[in-house]
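Peer 1: quick one: sequence plus predicted model below, questions after.
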Amino acid sequence: MISALPKTAWLRAILLLGLLWTTVPVNAAETDYMDMITRYVGRLNNIYDGTWAYTFTTTDKRKDEVRVRRVDPSKADYRERDILLTVNGEPPTAKRLSQHLRQMEKRESRRKRNGARAHEDPSRPNEKPGKEKDRFLAALIPDSIHEIKREGDLLHLGFKATEPGREGIFEKLDGTLVLDTRDEYIKELQLRPTGPFYPFFLTKVEDALLVVHFGLVNGEPVQQSATWKLLGQALIVKNLDADMEVVWEQFEKVTPAVPL
């Protein structure tokens, strides 16, 4: 749901919202929570489904850099579907533009090779673009859902999730959903580890926090901002530390140039 964020698999796996029922028995209260989450998820717009144009700003606090890009799937030329507008308030240098264009060329090559909605792992169909909604509740453990607190119209629910082959990663993560019960949409998703853990070989996560905020745009719930913090190390020598903020804005519904 959030491709602008770092593509760490263990976090992408749970940053996804949607509809898929489970056969695990749950009590009445848990069923009510599942029903509520399902209805709210059904209203959420996936801005990465190829039918939305938007501008997003990435603030990298460790690099002291602010990047602004405009995404518009309606453009026939792939080089115009994702444009780097500014870096730190200035037009991007020729070097940065060249780097960005190479990324777009690689993306277009993958699309032509695999198809617009294809994914490199056919054994995980819910990881295809556009399947984010299905993936979230497929991973959500219904009997883990519990009420944390209520603040007026806001209901805070805690949850756990899992996926086949990734159980060891997910068991170290706690999630929170903040639901707006008046306007009936997901207002916030939070994800944090229960303590230091090793998601991959020779990779240690000391601490992390991911918070995604949703809001109403013309009455439609969409993601509007996210904060991401990570403290960790990979292969003993590579620093994984990150402190980033992303803001999505200037939404527009469009007809995609490439068939979905």
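Peer 2: Cool, got the structure. Keep in mind it's a predicted model, so treat the numbers as computed, not measured.
Peer 1: and the strands in the stretch 1-150 of the chain?
Peer 2: Remark: strands assigned in the stretch 1-150 of the chain by DSSP state E, counting those that start in this stretch are 52-60, 65-71, 82-87, 146-151.
Peer 1: these: which one's closest to residue 221?
Peer 2: Among the strands of the stretch 1-150 of the chain, strand 52-60 comes nearest to residue 221, with 12.8 Å by C-beta to C-beta. Where you see a C-beta, it was placed from the backbone N, CA and C, and this is true even at glycine.
Peer 1: low-confidence ranges, the stretch 51-200 of the chain, go.
Peer 2: 114-130 (pLDDT under 70).
Peer 1: give me that answer again for 90
Peer 2: Along the stretch 51-200 of the chain, the model assigns pLDDT under 90 to residues 107-139, 163-173, 193-200.
Peer 1: any idea where the helices of it begin and end?
Peer 2: With helices called from DSSP state H, counting those that start in this stretch, the stretch 51-200 of the chain shows them at 94-114, 132-139, 167-170.
Peer 1: with just CA atoms, put the last one into CSV.
Peer 2: Written as CSV, here are the backbone C-alpha positions of helix 167-170 (Å, rounded to 0.1, in the frame of the first residue of the first chain):
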residue,chain,number,x,y,z
GLU,A,167,6.0,-16.7,11.1
GLY,A,168,9.3,-15.9,12.9
ILE,A,169,9.2,-12.3,11.6
PHE,A,170,5.6,-11.6,12.3
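Peer 1: chain center to it, what's the gap?
Peer 2: Helix 167-170 has its C-alpha centroid displaced from the chain centroid by 18 Å (C-alpha atoms, centre = their mean, to the nearest Å).
Peer 1: same check on stretch 241-258?
Peer 2: Taking C-alpha atoms, centre = their mean, the mean C-alpha location of stretch 241-258 is offset from the chain mean by 11 Å.
Peer 1: now swap in stretch 252-260 and tell me
Peer 2: For stretch 252-260 - counting by C-alpha atoms, centre = their mean - the centre lies 20 Å from the chain centre.
Peer 1: quick check: buried residues in it?
Peer 2: For stretch 252-260, a neighbour-count test (16 or more other C-beta atoms under 10 Å) marks 254, 256, 258 as buried.
Peer 1: just to revisit the earlier point, most packed of the helices of the stretch 51-200 of the chain?
Peer 2: Across the helices of the stretch 51-200 of the chain, averaging neighbours per residue (mean count of other C-beta atoms under 10 Å) puts helix 132-139 on top, at a mean of 22.
Peer 1: buried sites along the one helix or strand residue 245 maps to?
Peer 2: Secondary-structure element containing residue 245, defined by DSSP states H and E: strand 242-253. For strand 242-253, burial by neighbour count (16+ other C-beta under 10 Å) applies to 242, 244, 245, 246, 247, 248, 251.
Peer 1: go on, stretch 33-43?
Peer 2: Those would be 33, 34, 36, 37, 38, 40, 41, for stretch 33-43 by 16+ other C-beta under 10 Å.
Peer 1: any idea which of those residues is closest to residue 220?
Peer 2: residue 40 (12.7 Å).
Peer 1: these two touch, right, that closest one and residue 179?
Peer 2: Yes. Look at residue 40 against residue 179 with C-beta atoms under 8 Å: they come within range, at 6.0 Å.
Peer 1: which residues do the two both contact?
Peer 2: 185, 186 (C-beta atoms under 8 Å, 6 or more residues apart in numbering).
Peer 1: specify the beta-bridge partners of residue 216.
Peer 2: residue 221 (DSSP bridges).
Peer 1: and it, what's its pLDDT?
Peer 2: Residue 216 is assigned a predicted lDDT (pLDDT) of 95.
Peer 1: how close does it get to residue 190?
Peer 2: Counting by C-beta to C-beta, to the nearest Å, the separation of residue 216 from residue 190 is 19 Å.
Peer 1: which of these two has more neighbours?
Peer 2: Remark: of residue 216 and residue 190, residue 190 carries more neighbours, 17 against 14, as counted by other C-beta atoms under 10 Å.
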